[in-house]
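Asks: below are the sequence and a predicted model; questions follow.
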Amino acid sequence: MSHLSAAAPRTLSVRPGLSGTALKTLALVLMVLDHIHYFCEFTGLVPLWFTQLGRLSAPLFLFCTVEGFAHTHDRRKYFWRIWRISAGMGLLQFLMMYAGFANRPDGFVPMNAIFMNFVILIPIWQGIDWLRQRRILRGLAAVLIPLAGWPALFIALYHAADQTPLAWLLDSILAGAVYTVLPSWTFIMDGGITYILMGIVLYLLRRHRGWQAAAFVVMELLFYLALPMQYLIASGSFAPGLLFTTAFEWMGVFAVVPMLLYNGQRGRGMKQLFYIFYPAHVYLLYALSWAVLLLTR
């Protein structure tokens with residue numbers, strides 16, 4: 001009977017905690033709640049806690065993308081997949097904003113562009129790895145061009161274009177570029193420089209989970225609690241209740257809990273579902289909100 005026990009199927013050990021797939025699924029659910037509020041807030045029927053819970057989704061997607069980039073077997077393919085989604089959604093956003101294409105009757109235009117942040121971050125993460133490998137010039141270029149070089153050049157070109165008779169045309173071309181092929185954090189309304197900086201820190205500390213979690217908490221509370229509070233106090237409009245009704249972006253700090261529960265395993269994957277789901281649900285909710293708006297007028 002020994003030959004039977006030798007042929008018995010091997011079982012894969014599953015570590016306790018949340019897999020990458022579980023984290024992405026949680027982030028998707030929270031994102032949908034957030035976007036239901038985002039698209040249908042005008043009805044007055046969607047509770048505020050939908051978007052308060054949704055504050056956890058963007059940090060979780062950032063964490064998952066850090067892990068996805070670190071573990072993928074083909075970083076170029078990983079980048080181009082994200083770039084295509086970003087460019088496609090950016091093109092639609094550009095047409096909506098600059099050409100009035102498919103604008104909702106009340107003037108609302110969806111600003112969902114989280115993939116633009118990842119298009120900027122992936123070269124920076126690769127540059128960090130090159131620097132660790134002492135490939136200094138290549139590493140510095142990969143970090144500094146998307147972080148500072150291209151944004152500075154874009155602003156300079158934009159201001160220069162404004163001084164010409166063809167300002168409207170040149171400005172539109174430049175805006176079209178940053179919404180599609182060459183994203184700049186200066187133009188991103190869904191994320192931006194604070195999200196970029198957080199992504200850099202999460203990647204730098206990804207091998208040190210405790211320090212990574214601590215850094216995330218500090219940055220969340222600094223960017224989304226301390227600085228808004230300082231602004232509100234300086235403007236004389238601060239009230240504690242605002243931190244739960246208006247300035248509640250800081251609630252994303254609670255994403256640290258599922259981050260700490262991550263077990264380092266990929267899970268079932270389902271990567272195609274995640275890539276398809278994000279743009280699909282945005283435009284489906286946008287269309288549904290349009291229909292609701294027309295029915296309630």
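Replies: Great, that's in hand. Residues are numbered from 1 along each chain as shown.
Asks: quick check: the spatially most central residue of the chain vs F61, distance?
Replies: Nearest to the geometric centre of the chain sits I114, at 3.5 Å (CA atoms, centre = their mean). Using CB to CB, to the nearest Å, one gets 6 Å for the distance from I114 to F61. Glycine gets a C-beta too; all of them are placed from N, C-alpha and C.
Asks: and the helices in the stretch 51-200 of the chain?
Replies: For the stretch 51-200 of the chain, helices defined by DSSP state H, counting those that start in this stretch occupy the ranges 57-71, 75-99, 114-132, 136-144, 150-161, 167-179, 193-204.
Asks: thinking again about what came up before, give me the number of residues near the nearest residue to the residue nearest to the centre of the chain once chain neighbours are set aside?
Replies: Nearest residue to I114, sequence neighbours excluded (CB to CB, 6 or more residues apart in numbering): D190, at 5.3 Å. The burial count assigned to D190 is 16, neighbours taken as other CB atoms under 10 Å.
Asks: now D190: phi and psi?
Replies: Dihedral angles of D190 (phi, psi; degrees, to the nearest 10) stand at phi -120, psi 80.
Asks: ok, it - contacts?
Replies: M111, N112, A113, I114, M116, N117 (CB atoms under 8 Å, 6 or more residues apart in numbering).
Asks: that one and V218: what is the separation?
Replies: For D190, the distance to V218 - CB to CB - is 23 Å.
Asks: Q272 now?
Replies: Applying CB to CB to Q272 and V218 gives a distance of 35 Å.
Asks: so which of those two has more stuff around it?
Replies: V218 (13 against 9).
Asks: tell me the SS of that one?
Replies: helix (DSSP: H, G, I helix; E, B strand; the rest coil).
Asks: so what's it scoring on pLDDT?
Replies: According to the prediction, V218 has pLDDT 98.
Asks: now M270, nearest residue through space, not along the chain?
Replies: Nearest to M270 is T21, by CB to CB, 6+ apart, at 6.1 Å.
Asks: can you list the buried residues in the helix or strand that neighbour falls within?
Replies: Here T21 sits within helix 20-40, counting by DSSP states H and E. For helix 20-40, a neighbour-count test (16 or more other CB atoms under 10 Å) marks 20-28, 30-40 as buried.
Asks: where does pLDDT dip in the stretch 151-297 of the chain?
Replies: 269 (pLDDT under 70).
Asks: ok, now with 90
Replies: 187-189, 266-275, 296-297 (pLDDT under 90).
Asks: related to what we said a few turns ago, quick one: mean pLDDT over the helix holding T21.
Replies: Per-residue scores along helix 20-40 average to 96.
Asks: check which helices and strands it sits against.
Replies: The contact analysis (3 or more CB pairs under 8 Å, 6 or more residues apart in numbering; DSSP states H and E) places helix 20-40 against helix 49-54, helix 57-71, helix 256-261, helix 271-296.
Asks: V178 contacts S172, correct?
Replies: No. The pair V178 / S172 is not scored as a contact, 11.3 Å apart, by CB atoms under 8 Å.
Asks: higher neighbour count, those two?
Replies: With neighbours defined as other CB under 10 Å, V178 and S172 compare such that V178 has more, 21 against 15.
Asks: how far away is the closest residue to L144 other than its chain neighbours from Q52?
Replies: In this structure, L144 finds its nearest non-sequential neighbour in G127, 7.9 Å apart by CB to CB, 6+ apart. The gap separating G127 from Q52 is 35 Å, by CB to CB.
Asks: kindly report the same for L243.
Replies: From L243 to Q52 the distance is 11 Å (CB to CB).
Asks: and what of L131?
Replies: Using CB to CB, one gets 38 Å for the distance from L131 to Q52.
Asks: who's more crowded, these two?
Replies: The neighbour comparison of L131 against Q52 (other CB under 10 Å) goes to Q52, with 20 against 16.
Asks: my guess is the more buried one contacts F248. True?
Replies: Yes. Contact criterion CB under 8 Å: Q52 and F248 qualify, at 5.6 Å.
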